[in-house]
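**Q** what's the 3D shape of this:
(3 chains)
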Amino acid sequence: MSLPSKVLVANRGEIAVRIIRTLRRMEIESVAVYHALDADGRAVREADEAVELFGETPVGAYLDSEAIIAACAQSGAEAVHPGFGFLSENADFAEALAAAGILFIGPPPDAMRAMGDKIESKRLAKAAGVPTLPGSEDAVADVDEAIAVADQIGYPVLLKASAGGGGKGMRTAADADACREAFERASSEALASFGDGRVFVERFVERPRHIEIQVLADTHGTVLHLGERECSIQRRYQKVIEESPSPAVDEVTRERIGQTAIDLARAVGYTSAGTVEMIADDDGGFYFLEMNTRLQVEHPVTEAVTGIDIVEQQVRIAAGEPLSFGQDDVHFNGHAIEARVYAEDADAGFLPATGRLGVVRFPAGDGLRVDHGVVEGQEVTASFDPMIAKVIAHAATREEAIERLRSALAATVLLGVITNTSYLERVLASPRFKAGDTHTGFLDEHRDALAPRALPAELERCLVAAAALASPRFDPRLAAPEPLAEMGEWRP
Amino acid sequence: MHRLESHVDTSSPTYRAYREHNLELSAELRESLRSARFDRPQRALDRLAEQQKLPVRERLELLLDRGSPFLELMPLAANRHYDGEAPQALLVTGVGVVSGREVMVIANDSSLKGGAWYPITTRKIIRALEIALENHLPVIHMLDSGGANLNLQDEIYSTAGHIFQQQCHLSARGIQQLAVVFGYCTAGAAYTPTLCDQTIMVRERGCVFLAGPPLVKAATGEENTTEELGGADMHTSVSGVADYAVDSEQEALSLARDIVGLWSRREKSDSDRRVPEDPFHDPDELYGIIPDDIKKQFEMREVIARIVDGSMFHEFKPAYGETMVTGWAFIWGFKVGIVANQGVIFSEAANKAATFMQLCDRDGIPLLFLHNVTGFMVGREYERRGITKDGAKMLMVQANVTVPKLSVLCHASQGAGNYAMAGRTWDPRFIYAWPNSRSSIMGPEQAADTMTQVRVAAMRRRGEDPSPEEIALITEEVTAYFEATYHSYYLTSDLRDDGLIDPTDTRNTLGMSLSAVLNAPIVRQPGGVLRI
Amino acid sequence: MSRPFEIGIDSERSHAVEVARHGDSATLTIDGRSYHGSLRPAGDGYELTLEDRTERVWTYVSGDTVWLHGFGACWAMSVIDPEKNLATTALSGDLASAPMPGTMINVGVAPGDAVAAGQTLVVIESMKMQSEIIAERDGIVDRVFVAVGETFDRGAPLVSLEIVAEPEEA
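**A** The predicted structure follows:
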């Protein structure tokens, strides 16, 4: 089977641009789909063709499977890359594509379904020999069962929505009373958010590191791992900074957990790229969290360190090619860190920010990669998620990568919308981060230390001067004529 | 063009004596200005505060652009009149910058006598408006006056009406006028805001009416408060006499600045502007160059060297008519043609000056006259050679040039020499005087001599025989009269110039003046240049 | 020269600024002290000079906000006209506006309703989180600007209370 000659990218923003970039390199034609709000976006500009999608909400447009399949027919696309989010983990969509004779660049629908259910995936993981957190085998029937399980495994516990993600439907409890309340909250929120109120209970690890393994599997039985990423720097369960390798993982551990990930992938018949997410406690214990059956936002750090283009591999795997390399061919060079630039006001409770991006200048240079989908002049609205760009720095050592990323963020010019670039810089500069002392509560724990510093008076003056000179309120038409202006305040 | 060389010996006793003398004059000038501007009895200032009024100088500071220059005109008006009752004639006027535009500001000083008009006040206003008309400067009137000082109504009424005609002419000439009414604006003066394009009034303080409540009551029995009769709200919402009503003086001035900022900027006449350069020779040395006695001479080129950009000067016809120095230079980047005295005016000098002025007129170059002249040369030889004919040629050319003329009285400026050099009566756009300067028909000694002779002769014809003491008394009287009336402070008090300036301020004063005059177009007239 | 404005770097720090331009440079008076400075085009951005400090910067002006990148960060500065705050300013708390962009979920009041300080006026949702907008003072509801289901941007007016005229300050 040969590579598809035309691929439709069922996504938007930076990931659509990034996928199109690889397709171009592979000399495969690309088709972008877009909602009217993205009509002038980068993805549409970079793709060879574009098809408009319609929907009651902008997000709805990108979730419209039928329209996307129709777009494939219209454009003659032979395959669809779903990116992440939207329909990327929608097994029905994958099947509908297959029925329409269109290649889905991703894992088999069964694997998606299996891993899509938290309870089911945990069971499979355990069966495959992946360490899992002690807890309820299944969703707990009611609050009493929740408490019984909690008593058994020991507090603190975490009550988690089975259908949940992104921190929704999750509550911790330190004792039985708290457990009672946590159960009510978690299940009602899960019901409201996901339509599925099932909750299960598991041990709560305090200050865990979030560590995930990238796996790659072809349709010829080869499954390998591309190393781990640590994504402990999170805010409200949204990842902010990710790195590869993890400062807490040595070669031996990497092989061990890598192997468990491979085992799980094999057990569910996984193909394409996927990520096995785990949490690690202080004692070196690793526990399965979930498996994401898609390309991950933070995949660039793995690509930097291994030199492998994961999207390219996905396309080849989907086309039926065997992987052209084995586990022994996978080497890890240096250290890569990614920072997610969000449109939010980090100094004001991370309130989402909107506005028009009047000036956009991303840094470039050795060991720097910027994945973004923005165009100067575009509106950043509340319609889509607020991630504007990913800045990735790769260097020989972790210290160098940190410095490289810090200067890249300092040099990032995004004017017109408030972003978190300075906040990210402060995180990277913090001694605890530099020491690799990271865990998922890092940002909360160090909140005060990460607050913005006072500006030196001279710097404030410079900013004020620049603003005054740039603002039309200080109208140059109101400038005194020469030579009076040069005379200054002369009063004989 | 080349740089003038200095031959001043700053260590000579003459230099030092002159310097000491002129520094005293400079200190005296500074103190006189300070006193005229700021010395007011405390109760006067208290009263202003009670009325919630700002002193006129504070109003000025709020109006003018911060960090901008302000050329106050006629600041020592009335300093030798009215027994000093009316410092500055209770009016501040000058050329300043508001929202980036050059404007003429005319502001009543209500700290004394309720800001009443004295005769010199009306003449000062008229002169300011004349400058505005000739130089196309927009005018901002800051009104706060109880009206004419009725004790002097005769001299006031004989000239005051001209003000309002000038306002009409300003308007017809497309020159903007703005009035801000801070206090009373009554009787005839009520026409000032009404004739302006736009008027701002401060509530509870500003009022405009032809007759105030007491007069109205006396005339018709009708009772009114000032607000009802002519206050801000009434005029801005009922009569339409004014346009904006504000609650405070600060708001009024801020609004005034906004309005001025919306006026279109004038395009200036081109005067071949260059990048300005400070004089190469130190202007401070002027103090040591100007003599301590009106009869002593000095080298005018040394003065020029300390006024013009880079001390660079291109002298025209240097070897001819050596009692006139003519040539081109730049002041604050503006090109000027300089006509300066170096002694009594001889025929050749007058002819050279006439020729030079034609050249400047032909090229649209403003003229600057630097006075140090006692008159034209007298005597039989010169009369026979037609000194007055040659003088007349210079006068004829000077009167009819279309370029702006500026004058500075640097030392003596007497008789017809003053006329030839574009003195006050020859309508220069601006005329200034140094404190050491003196101007009259002839010098006091000369006059005293002549007058004593005449009077003694008359007495003798009547059969009287004056004693030496009596003769000496006559001489003293005449001398005193001349010395009083030719003194720079007296002349400026009577508005015979647009202000006394310190020699070291000449450059900036002329720079601002040149900038101001170029707001009016220079209309060149064709016609051949006569080599006179 | 311009009249004074305030330039605020955030809600806490603002400075009084005046500018007198000459040619392509200027005298800036910041909080009463004067400095010499300029903002000249350089490359695709600008070069800022203030006294002896020089920096490459990028600027973007949007209404009364000047966005600036320089000194290793992005800044948003507001240009505030102090004279706009004179006289007739409404009492604070007259207008409840959106603290962030989002969607109107529930409107609990109607024009004419009496509300007490602390009472929930409306409920909004943003980033999948719900927030209650509460009344800052007692009052009568004047207008509700957004209907259930409609979206809005940050700063958009949501509910206004009838203005209670306050005696002007002397």
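
**Q** just the closest residue of chain B to chain C, please.
**A** Minimum separation of chain B from chain C (CB to the nearest CB) falls at B:D65, amounting to 3.5 Å. Where you see a C-beta, it was placed from the backbone N, CA and C, and this is true even at glycine.

**Q** roughly how far apart are that residue and chain A?
**A** The gap separating B:D65 from chain A is 6 Å, by CB to the nearest CB, to the nearest Å.

**Q** mind listing what that residue touches?
**A** A:L478, A:A480, B:G96, B:V97, B:V98, B:S99, B:G100, C:M1, C:S2, C:A20 (CB atoms under 8 Å, 6 or more residues apart in numbering or on different chains).

**Q** take these and write them to a markdown table, including distance to A:G436 and neighbour count.
**A** Compiled in a markdown table, the contacts of B:D65 are given as follows (distance: CB to CB, whole Å; neighbours: other CB atoms under 10 Å in any protein chain shown):
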| residue | distance to A:G436 | neighbour count |
| --- | --- | --- |
| A:L478 | 56 | 23 |
| A:A480 | 59 | 27 |
| B:G96 | 66 | 24 |
| B:V97 | 62 | 27 |
| B:V98 | 63 | 25 |
| B:S99 | 60 | 25 |
| B:G100 | 59 | 25 |
| C:M1 | 55 | 27 |
| C:S2 | 52 | 25 |
| C:A20 | 53 | 25 |
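
**Q** lowest pLDDT pick from those?
**A** Among the contacts of B:D65, C:M1 has the lowest pLDDT, at 44.

**Q** tell me the pLDDT at the residue of chain B closest to chain C?
**A** For B:D65, the predicted pLDDT is 86.

**Q** hang on, it in a helix?
**A** No. The assignment for B:D65, made by DSSP: H, G, I helix; E, B strand; the rest coil, is coil rather than a helix.

**Q** so what are the domain limits for chain C?
**A** As assigned by automatic domain parsing, chain C contains the domains C:5-84, C:95-161.

**Q** name the stretch among those that sits most buried.
**A** Across those, the average number of neighbours (mean count of other CB atoms under 10 Å in any protein chain shown) peaks for domain C:5-84, which reaches a mean of 18.

**Q** check whether that one comes into contact with chain B.
**A** Yes. Domain C:5-84 lies within reach of chain B by CB under 8 Å from any CB of the partner chain, at C:E18, C:A20, C:T27, C:T29, C:S34, C:E83.

**Q** so what's the residue nearest to A:A382 when sequence neighbours are not counted up against?
**A** Distances taken as CB to CB, 6 or more residues apart in numbering or on different chains place C:P101 nearest to A:A382, at 3.5 Å, with adjacent residues excluded. Taking CB under 8 Å, 6+ apart as the criterion, C:P101 is in contact with A:P352, A:T354, A:T381, A:A382, C:S126, C:T151, C:F152, C:D153, C:R154.

**Q** in strands only, show me those.
**A** Residues of the contacts of C:P101 located in strands (DSSP state E): A:P352, C:S126, C:T151, C:F152.

**Q** out of the residues you listed, show me where the pLDDT dips lowest.
**A** The lowest pLDDT within these belongs to C:S126, with 75.

**Q** can you list the domains in the chain?
**A** Just going to use chain A. According to automatic domain parsing, the ranges for chain A are A:6-105, A:134-203, A:209-445.

**Q** was after chain B, sorry
**A** B:11-40+B:267-439+B:487-526, B:52-262, B:444-485.

**Q** got the end-to-end distance for the last one?
**A** Between the start and the finish of domain B:444-485 there is a gap of 10 Å, counting by CA to CA, to the nearest Å.

**Q** looking at the domains of chain B, which is nearest to A:L191?
**A** domain B:52-262 (59.8 Å; CB to CB).

**Q** identify the residue spatially nearest to A:T438, adjacent ones excluded.
**A** Counting by CB to CB, 6+ apart, the residue nearest A:T438 is A:S232, at 4.1 Å.

**Q** host element of that neighbour?
**A** For A:S232, the host element (DSSP states H and E) is strand A:223-235.

**Q** and that strand, which strands flank it?
**A** Strand pairing for strand A:223-235, determined by DSSP bridges: strand A:209-217 (antiparallel), strand A:238-244 (antiparallel).

**Q** could you dump those into JSON lines with mean neighbour count added?
**A** Converted to JSON lines, the strands paired with strand A:223-235 look like this (neighbours: other CB atoms under 10 Å in any protein chain shown):
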{"stretch": "strand A:209-217", "mean neighbour count": "25"}
{"stretch": "strand A:238-244", "mean neighbour count": "24"}
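
**Q** neighbours around B:D449, how many?
**A** B:D449 has 15 neighbouring residues, counting by other CB atoms under 10 Å in any protein chain shown.

**Q** mind giving me the packing neighbours of the helix or strand hosting it?
**A** Using DSSP H and E, B:D449 falls within helix B:444-461. Counting contacts by 3 or more CB pairs under 8 Å, 6 or more residues apart in numbering or on different chains; DSSP states H and E, helix B:444-461 packs against helix B:468-485.

**Q** and the helix it packs on, what's buried?
**A** Residues of helix B:468-485 classed as buried by neighbour count (16 or more other CB atoms under 10 Å in any protein chain shown): B:I474, B:T475, B:V478, B:T479, B:F482, B:E483, B:T485.

**Q** nearest to A:A343, of those residues?
**A** B:T485 (79.6 Å).

**Q** model confidence score at the closest one, please.
**A** 95.

**Q** C:M127 now?
**A** The model's pLDDT for C:M127 equals 68.

**Q** repeat for B:L133
**A** So, for B:L133, pLDDT stands at 97.

**Q** for the one helix or strand it maps to, packing partners?
**A** Assigned by DSSP H and E, B:L133 falls within helix B:119-135. Judged by 3+ CB pairs under 8 Å, 6+ apart, helix B:119-135 is in contact with strand B:71-73, strand B:91-98, strand B:101-108, strand B:139-145, helix B:153-172, helix B:506-517.

**Q** and the angle from that helix to helix B:153-172?
**A** Taking axes from the mean of the first three to the mean of the last three CA atoms, to 10 degrees, one finds helix B:119-135 and helix B:153-172 inclined to each other by 20 degrees.

**Q** which of the residues in helix B:119-135 are buried?
**A** B:119-129, B:131-135.

**Q** residue nearest the middle of chain C, spatially speaking?
**A** Closest residue to the average C-alpha location of chain C: C:S78 at 6.6 Å, with CA atoms, centre = their mean.

**Q** so that residue, which of the three states?
**A** strand.

**Q** longest helix in chain A, by residue count?
**A** helix A:176-194 (DSSP state H).

**Q** who does A:H210 bridge with?
**A** A:I279.

**Q** doesn't C:T27 fall inside a strand?
**A** Yes. Using three-state DSSP, the assignment for C:T27 is a strand.

**Q** so what's it up against?
**A** Going by CB under 8 Å, 6+ apart, C:T27 touches A:G488, B:G67, C:V19, C:A20, C:S34, C:Y35, C:H36, C:G37.

**Q** nearest spatial neighbour of it, skipping sequence neighbours?
**A** C:T27 sits nearest to C:A20 (CB to CB, 6+ apart), 4.6 Å away.

**Q** that neighbour sits in which helix or strand?
**A** Here C:A20 is assigned to strand C:14-22, by DSSP H and E.

**Q** doesn't A:A99 make contact with A:F93?
**A** No. At 10.6 Å, A:F93 does not count as touching A:A99 under the criterion of CB atoms under 8 Å.

**Q** no further queries at this time; thank you.
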